[in-house]
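>>> Sharing a sequence plus its predicted fold:
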Amino acid sequence: MLLKKLGLGALSLGILLMATHGTLACACCVNRGHYERGRMRANEFYTSLLSDIKLGKAAELYMTEAGFEGIKGLPEIAKDEAAGRETELRVSSSFTKRRWQISINAGLGQSGTLLLPMPASFTKHAVDIDGVDNGLGVSLYKEFSLSNRIVGATGVFRSASAANYELIFQGRGNGCDDKSDFSRWFLIVEGPRASYVIFGKVA
């Protein structure tokens, strides 16, 4: 009788653990057709999450067929391109006191730094774009977009001193937000004397 009770107890415990695991696993699940877009407060959780996202070392300058005719505020880099020297951007970045410091080296002594203060809120976009449920809900396309005024611009980026920025992080994930969700970043600079887009992968 004792063995029977112990067996039933072990079985009950196993069922309880399986149910608990399922509950935890699905706490971040979302259903097909999920669509979310809105403003989020940059609270302690999101500030910590965003500060942990590290920009990869390689970046590119977005360019159309018009070349530098569609770009404003990077004369030194434009001059190098006109001379036939292909620009390779190398990035280093840090996040302290609620602001990003992004330094970019374009080679041949061409470098500069941008200081981007974190805004009080940002736009979050999370949507099911393919409808595929892997058994734990669908994988969402995610985009966090942060916009503010640039507070410091040096070197080749000095023309951006009075510009606005939009820093966008893109990726895929479930209903819970984590730094590992994001794989790409875009930096849009737009102002009276500067207009360009730099993009790359998350480290």
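Happy to help now that I have it.

>>> low pLDDT regions in this structure?
1-25 (pLDDT under 70).

>>> quick one: the helices in it?
2-25, 44-51, 75-82 (DSSP state H).

>>> Quick check: buried residues in the last one?
The reference is to helix 75-82. Of the residues in helix 75-82, 76, 77, 78, 80, 81 count as buried by neighbour count, 16 or more other C-beta atoms under 10 Å. C-beta coordinates here come from the backbone N, C-alpha and C atoms, glycine included.

>>> so the last one makes contact with residue 67?
Translated: residue 81. Yes - when contacts are counted by C-beta atoms under 8 Å, residue 81 is listed as touching residue 67 (7.3 Å).

>>> unless I'm mixing things up, residue 61 is touching residue 87, no?
Yes - with contact defined as C-beta under 8 Å, residue 61 reaches residue 87; the gap is 6.4 Å.

>>> so what sits against both of the two?
residue 77 (C-beta atoms under 8 Å, 6 or more residues apart in numbering).

>>> so who does the closest residue to residue 162 other than its chain neighbours touch?
Spatial nearest neighbour of residue 162, excluding adjacent residues (C-beta to C-beta, 6 or more residues apart in numbering): residue 191 at 5.3 Å. Counting by C-beta under 8 Å, 6+ apart, residue 191 touches 73, 150, 159, 160, 162, 163, 164.
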